[in-house]
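K.L.:
build me a model:
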Amino acid sequence: MNRPAKLRHELKHSISQGEDRILSSRLRKLFPHDANAGPNGSYRISSLYFDTPTDTALRQKLDGVNRREKFRLRYYGDDLTFIRLEKKYKINGLCGKRSTRITQEQVEMLLTGEIGFLLSGDELMQELYSKMKGQLLAPKTIVTYDREAFLFAPGNVRITLDRNVRTGLASLDFLNPQLHHVPVSDGLTVLEVKYDEFLPEIVKMAVQVPNTQASAYSKYAVCRKYD
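P.N.:
Alright, predicted model coming up:
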């Protein structure tokens, strides 16, 4: 049974490659990488975002709507044995996420419009079915990037550096790890800091980058420019 995740704080900054190098070096000295990290400390994330014919998710993001949601499919690296269906939502600036496992075969059916299997799935799958039927929600844009992630247990802090954001223009090829992607990040890295009730002082100090401010940067919105 899918239960709503605890709402968390989320801070975002876009930083330069030089700032990225300095920050990554600092973070590596203070915090451990997450379990998905490869030999170089990072791993690739491929996501396929859904939206309506009138781009509801995109418009709500750009307009800063206080209550909004996005559905996506996601896998890591070349591993198609572990794919998740996720619903990410924001309420008054706080974020949450629900997720469930979905098989490669089910994703293939979903991409070709065979969505009946969702009805026999869990609550999240049934919600996706309802919105694909009622709101005409459909696969829209592939978003891929390389992530370096750090963890700090106090405050349940997760710090991520997302690099080389790129988009795949053919959503039906989402399950092809070799799909050609178009770079969209303009050399910028996206720094994200997520935490529960409080942000420990050591993390505040560690992630400081001069002359940057929290921004509403959206990898999905950036990639939609290239539709």
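K.L.:
now the closest residue to residue 101 other than its chain neighbours: how far from residue 21?
P.N.:
Nearest residue to residue 101, sequence neighbours excluded (CB to CB, 6 or more residues apart in numbering): residue 84, at 6.1 Å. (C-beta placed from N, C-alpha, C; glycine too.) Distance, residue 84 to residue 21, using CB to CB, to the nearest Å: 31 Å.
K.L.:
what strand or helix carries the residue nearest to residue 101?
P.N.:
According to DSSP states H and E, residue 84 maps onto strand 79-91.
K.L.:
dump the C-alpha coordinates for that strand into CSV.
P.N.:
What follows is strand 79-91, C-alpha atoms only, in CSV (Å, rounded to 0.1, in the frame of the first residue of the first chain):
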residue,chain,number,x,y,z
ASP,A,79,19.7,-1.4,-15.2
LEU,A,80,16.2,-2.1,-16.5
THR,A,81,15.5,-4.6,-13.8
PHE,A,82,14.8,-1.9,-11.3
ILE,A,83,12.3,0.7,-12.6
ARG,A,84,10.1,2.9,-10.5
LEU,A,85,6.9,4.8,-11.1
GLU,A,86,7.0,7.9,-9.0
LYS,A,87,4.7,10.8,-8.2
LYS,A,88,6.4,13.9,-6.9
TYR,A,89,4.4,16.6,-5.3
LYS,A,90,4.8,20.0,-3.6
ILE,A,91,2.6,21.6,-1.0
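K.L.:
which elements pack onto the next helix or strand after it?
P.N.:
In the C-terminal direction, the helix or strand that comes right after strand 79-91 (DSSP H and E) is strand 94-102. Strand 94-102 is packed against strand 9-15, strand 79-91, helix 123-134, with contacts defined by 3 or more CB pairs under 8 Å, 6 or more residues apart in numbering; DSSP states H and E.
K.L.:
from the middle of its chain, how far away would the second one be?
P.N.:
In this case it means strand 79-91. Centre-to-centre, strand 79-91 and its host chain are 8 Å apart (CA atoms, centre = their mean, to the nearest Å).
K.L.:
give me the buried positions along that strand.
P.N.:
Residues of strand 79-91 classed as buried: 83-90 (neighbour count, 16 or more other CB atoms under 10 Å).
K.L.:
and for stretch 185-196?
P.N.:
185, 188-195.
K.L.:
any idea how far residue 164 is from residue 181?
P.N.:
Distance of residue 181 to residue 164, computed by CB to CB: 9 Å.
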